[in-house]
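In: I would like to see how this sequence folds:
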Amino acid sequence: MRIKALQIDGFGLFCDQRVDDIPPGLSVFFGDNEAGKSTLLAFIRAILFGFASGKANRYEPLRGGSHGGSLVLLTDAGEEYIVRRSASRRKAGEVSITPPDGPAVGEELMPSLLGFATRDLFESIFAFSLTELQELSKLTSEKVKGVIYSAGMGSVGRSLPSLYSELDKRMGEIYTKKGRKPEINTILKQLNDLGSQLRKIEDAYGKYDELKERFDQSEAEIERLEQEKRNLSLRLKVLERSLTAWDTWSDLESARSELENVPAVERFPDDGLAELRRLQQNLQVARSDWEESVQKQKRQKEELKQIDVDERVLAQASAIRRLQRGRDLYDRAVRDLPAREQEYKDSTERLEDKLSELGPGWDREKLLSFDVSVGRREFIRGLQAKLEDARQKESEASSALSFAERAAETASRKADEVRGVFEAIPEPSEKDEERILARNERLKEIERLLHERSRRVGVLENLRAREADLETQARLWQAGSGQQRRTSLRWVSYFAPLAGVVVAAGTFVESPVLSIIVLVFGLVLGYVAFRLWREQKAARLGMKEQIEQIESRVSEIKQEREATVRELERIEDGIRKNRSLVGIEYELDDSNVQQEIARTGSALEECRRWRKARSDWEDAAKAADGAKRQVDVESKKHDDALKVLDAARAEWREWLAKAGLPESLSHSGALEVLSGVDTCRTIDDEVQKLSSRIELMSSVVRKYADDVGEIARACGRQLRDGDDPGVFL
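Out: Numbering: from 1, shown residues only. Model (predicted):
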């Protein structure tokens with residue numbers, strides 16, 4: 001990158017000063033003291049890196065103009081960047097950069113243009129002042145070398161000796177010969193420790209095979225023991241299960257033995273198990289009664305020995321003994337009958353309460369006919385699960401539908417907003433971005449060709465001026481050479497001595513002195529003429545050589561001029577072709593081509609903005625359509641879920657109607673009804689059993705009282721109402 005031009009709006013003593021076409025290579029700005037050379041250097045620094053902070057170094061305008069200016073920077077690729085900086089509230093000023101292919105940007109592009117060089121690096125290597133050089137002269141030779149080396153290495157603000165000192169210090173922190181704390185010493189110690197461990201491992205490596213064999217044997221032994229343990233565990237579990245089942249098995253074998261002695265039953269009653277339990281209970285009660293009877297018989301025998309014998313009573317001995325055998329049953333019946341009657345009453349009331357809890361219309365017939373089997377319970381649970389699943393799916397479908405509707409509403413609103421933004425952007429005349437880019441490239445090519453043409457025209461004018469100067473010099477040299485040819489001194493150098501000899505010979509007799517003078521004059525004149533002739537000859541040869549050189553240079557310049565003319569024709573042809581391609585009929589110059597490039601850039605920006613807005617609108621519209629389709633999908637899913645839910649509800653209501661249950665009853669309520677029916681049936685069984693038992697007890701009491709009355713009449717006695725048959729005899 002180099003500086004091509006600069007414009008000073010106001011900086012120190014400069015005001016509205018411009019320098020254009022700074023050539024590549026070395027450019028020298030010279031002038032008297034206080035002419036502004038240091039100010040110009042400070043201006044370049046300020047534009048590139050910002051105004052200095054101190055008032056003395058800010059170079060406020062002394063002759064008017066706005067504080068600041070601009071630089072035209074030319075990159076190696078031939079691209080021009082205009083860097084402009086003006087004073088603002090910021091100390092460094094406000095900077096704007098105009099790239100060759102777009103609008104102005106801020107200072108974010110500045111670091112890349114400067115190759116990421118800092119102000120200090122720039123001032124110490126690329127743009128140092130006389131004062132900074134004088135500061136170097138105050139240093140010793142070693143310090144100067146350090147500063148120069150530091151600048152060469154990019155170590156701005158730090159000398160090489162200080163770097164050496166810092167490196168020595170850092171090296172001491174990293175490693176010392178007999179130290180322990182530095183990093184490398186610590187690492188070396190760790191390395192030595194690792195080496196010792198490695199040697200120990202290498203020493204133990206010889207035992208690896210032996211240890212590996214022992215390890216394999218141990219693993220095999222462990223595997224064998226584990227297998228044996230698993231086998232023993234299985235055997236133990238079998239024995240534990242056998243031990244647990246021993247009592248059950250013993251009972252089973254006993255039951256089988258008893259079953260072999262029991263005659264086969266062709267028809268087992270429906271409630272056989274319940275009847276068996278009841279009979280077993282009765283058997284236990286009978287055994288208890290038998291034991292009591294045995295004890296009572298013993299007591300009665302003792303009492304009998306003390307009683308006087310009545311012959312009439314003896315005549316009824318068999319009847320009395322038969323009556324005595326039923327006395328215990330009578331006593332128990334008399335004793336238990338009130339309690340059983342109270343239990344019957346309580347159970348009957350409890351059954352009525354439970355039936356009322358089940359609801360109206362429940363009686364014993366409905367209670368006994370109602371199905372409370374496990375299959376019916378599982379059927380109800382299946383209907384409940386089916387209904388719950390349908391409700392869950394309907395809820396999920398409803399949530400999905402609501403989410404899809406909100407998403408569709410959001411997408412539609414966004415599509416409307418994006419469409420409004422798109423419609424607010426005017427439609428560009430050219431919508432093909434590639435064509436606009438191609439036009440922009442051709443305009444830039446025209447701009448480049450115009451710059452090249454301007455440069456070539458300058459070169460051509462320079463060549464023509466140099467050619468004219470050389471031709472003038474050649475004519476002057478040729479004129480001088482012709483003048484020297486007209487004054488020939490060669491013959492004078494020949495004839496002057498000869499004439500002197502002739503005249504001297506003729507006058508020698510009359511005046512020898514005069515003849516000698518004439519002879520000497522002729523010889524001197526001939527010698528002078530000869531010397532002049534020799535000088536003229538050498539001058540003519542030099543003129544001829546100079547003329548030949550001038551003519552050769554003129555020929556070279558003519559060839560260069562012709563090549564420049566051909567190059568200008570090629571440039572003009574390129575300008576015409578590109579101008580034709582972009583559709584421009586008028587002549588272009590630097591100013592209007594910049595305007596065309598700016599218009600093309602604006603058109604490109606408008607095209608891109610319009611195309612992006614259209615693309616955003618199309619994407620938003622597609623998203624809105626997709627959201628609407630998703631709403632339709634979710635709506636159908638929700639309708640299907642509602643149908644399934646309605647079907648599950650209808651199936652449940654149908655079952656309730658068939659079961660004679662209220663339509664509002666839930667599944668859990670139905671299961672409670674089944675549990676209530678079970679409870680009522682249990683209570684009803686108790687009621688029926690109590691009723692049968694009470695009836696049996698009452699018949700026993702009546703039969704015993706009738707037998708006592710008959711024996712009493714046979715013995716001449718009368719059993720009256722209110723007498724206790726149990727104590728009458």
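In: Quick check: what element follows whichever helix or strand E618 is part of along the chain?
Out: Using DSSP states H and E, E618 sits in helix 590-659. Heading C-terminal from helix 590-659, the first helix or strand you meet, by DSSP H and E, is helix 667-714.
In: tell me what that following helix is packed against?
Out: helix 317-325, helix 327-358, helix 364-369, helix 374-424, helix 590-659, helix 725-728 (3 or more CB pairs under 8 Å, 6 or more residues apart in numbering; DSSP states H and E). No exception for glycine: its C-beta is placed from N, CA and C like everyone else's.
In: Flag the helix or strand of this protein with the lowest per-element mean pLDDT.
Out: Least confident helix or strand, the chain: helix 141-153 with a mean of 51, by mean pLDDT, DSSP states H and E.
In: Quick one: closest of the helices and strands packed on helix 667-714 to V459.
Out: Set against V459 and scored by CB to CB, the helices and strands packed on helix 667-714 come closest in helix 590-659, at 17.4 Å.
In: gap between that closest one and the chain center?
Out: Centroid separation for helix 590-659 versus its chain: 25 Å, with CA atoms, centre = their mean, to the nearest Å.
In: what is the orientation angle of it with helix 667-714?
Out: Between the axes of helix 590-659 and helix 667-714, defined by axes from the mean of the first three to the mean of the last three CA atoms, to 10 degrees, the angle is 10 degrees.
In: picking that back up, export the helices and strands packed on helix 667-714 to CSV and tack on mean pLDDT and distance to E569?
Out: Formatted as CSV, the helices and strands packed on helix 667-714 follow (pLDDT from 0 to 100; distance: least, CB to CB, whole Å):
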stretch, mean pLDDT, distance to E569
helix 317-325, 70, 157
helix 327-358, 82, 117
helix 364-369, 77, 121
helix 374-424, 88, 49
helix 590-659, 88, 20
helix 725-728, 56, 158
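In: Of all these, which one comes closest to Q300?
Out: Q300 lies closest, by CB to CB, to one member of the helices and strands packed on helix 667-714: helix 317-325, at 7.4 Å.
In: Quick check: which helices or strands does the closest one pack against?
Out: For helix 317-325, the packing partners by 3+ CB pairs under 8 Å, 6+ apart come out as helix 667-714.
In: mind redoing it with 10 Å?
Out: helix 272-305, helix 311-315, helix 327-358, helix 667-714 (3 or more CB pairs under 10 Å, 6 or more residues apart in numbering; DSSP states H and E).
In: then it to CSV, C-alphas only?
Out: Backbone C-alpha positions of helix 317-325 (Å, rounded to 0.1, in the frame of the first residue of the first chain) are rendered in CSV as follows:
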residue,chain,number,x,y,z
ALA,A,317,-86.3,-94.4,81.6
SER,A,318,-85.6,-95.0,78.0
ALA,A,319,-87.5,-91.8,77.0
ILE,A,320,-85.8,-89.9,79.7
ARG,A,321,-82.4,-91.1,78.6
ARG,A,322,-83.2,-90.1,75.1
LEU,A,323,-84.4,-86.8,76.4
GLN,A,324,-81.2,-86.4,78.4
ARG,A,325,-79.1,-87.0,75.3
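In: now the angle from that helix to helix 327-358?
Out: Orientation of helix 317-325 against helix 327-358 (the same axes, to 10 degrees) gives an angle of 40 degrees.
In: so which of the helices and strands packed on helix 317-325 gets nearest K386?
Out: helix 667-714 (9.8 Å).
In: Do me a favour and average the pLDDT over that closest one.
Out: Across helix 667-714, pLDDT averages out at 82.
In: Report the distance from it to the chain centre.
Out: Centre to centre, stretch against its chain (CA atoms, centre = their mean), the figure for helix 667-714 is 81 Å.
In: Tell me what angle it forms with helix 272-305.
Out: Going by the same axes, to 10 degrees, helix 667-714 makes 30 degrees with helix 272-305.
In: if we can go back for a sec, now distance to A670 and mean neighbour count too, for the helices and strands packed on helix 667-714, in JSON lines please.
Out: Formatted as JSON lines, those follow (distance: least, CB to CB, whole Å; neighbours: other CB atoms under 10 Å):
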{"stretch": "helix 317-325", "distance to A670": "54", "mean neighbour count": "13"}
{"stretch": "helix 327-358", "distance to A670": "11", "mean neighbour count": "16"}
{"stretch": "helix 364-369", "distance to A670": "15", "mean neighbour count": "12"}
{"stretch": "helix 374-424", "distance to A670": "5", "mean neighbour count": "15"}
{"stretch": "helix 590-659", "distance to A670": "7", "mean neighbour count": "16"}
{"stretch": "helix 725-728", "distance to A670": "53", "mean neighbour count": "14"}
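In: out of the helices and strands packed on helix 317-325, nearest to S53?
Out: Using CB to CB, the nearest of the helices and strands packed on helix 317-325 to S53 is helix 667-714, at 84.9 Å.
In: Helix 374-424 and that closest one, what's the angle between them?
Out: If you take the same axes, to 10 degrees, helix 667-714 sits at 160 degrees to helix 374-424.
In: related to what we said a few turns ago, ok, which of the helices and strands packed on helix 667-714 comes nearest R455?
Out: Nearest to R455 among those is helix 590-659; the distance by CB to CB comes to 12.0 Å.
In: Tell me which other helices or strands that closest one touches.
Out: Contacts defined by 3+ CB pairs under 10 Å, 6+ apart place helix 590-659 against helix 374-424, helix 433-486, helix 512-582, helix 667-714.
In: hmm, try it at 8 Å
Out: Using 3+ CB pairs under 8 Å, 6+ apart, helix 590-659 is in contact with helix 374-424, helix 433-486, helix 667-714.
In: Just the CA atoms of the biggest strand by length in the chain, as PDB, please.
Out: The longest strand of the chain (DSSP state E) is strand 2-11. Only the C-alpha atoms of strand 2-11 are listed here, as PDB (Å, rounded to 0.1, in the frame of the first residue of the first chain):
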ATOM      1  CA  ARG A   2       1.200   3.500  -0.800                       C
ATOM      2  CA  ILE A   3      -0.200   7.100  -0.500                       C
ATOM      3  CA  LYS A   4      -1.400   8.300  -4.000                       C
ATOM      4  CA  ALA A   5      -2.800  11.700  -3.000                       C
ATOM      5  CA  LEU A   6      -3.600  13.800   0.000                       C
ATOM      6  CA  GLN A   7      -6.100  16.600   0.800                       C
ATOM      7  CA  ILE A   8      -5.500  18.900   3.700                       C
ATOM      8  CA  ASP A   9      -8.700  20.800   4.700                       C
ATOM      9  CA  GLY A  10      -7.200  22.400   7.700                       C
ATOM     10  CA  PHE A  11      -4.100  21.300   9.700                       C
END
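In: on that earlier part again, tell me which of the helices and strands packed on helix 317-325 lies nearest to R18.
Out: Going by CB to CB, the one of the helices and strands packed on helix 317-325 nearest R18 is helix 667-714, 96.7 Å.
In: So what touches the longest strand of the chain?
Out: 14-22, 24, 39, 42-44, 46-47, 59, 61, 63-74, 80, 86 (CB atoms under 8 Å, 6 or more residues apart in numbering).
In: Please tell me how far it is from the chain's geometric centre.
Out: Put simply, strand 2-11 sits 48 Å off its chain's centre (CA atoms, centre = their mean).
In: And it, what's buried?
Out: The neighbour-count check on strand 2-11 (16 or more other CB atoms under 10 Å) flags I3, K4, A5, L6, Q7, I8, D9, G10, F11 as buried.
In: Please name whichever of the helices and strands packed on helix 667-714 is nearest to T118.
Out: helix 590-659 (32.4 Å).
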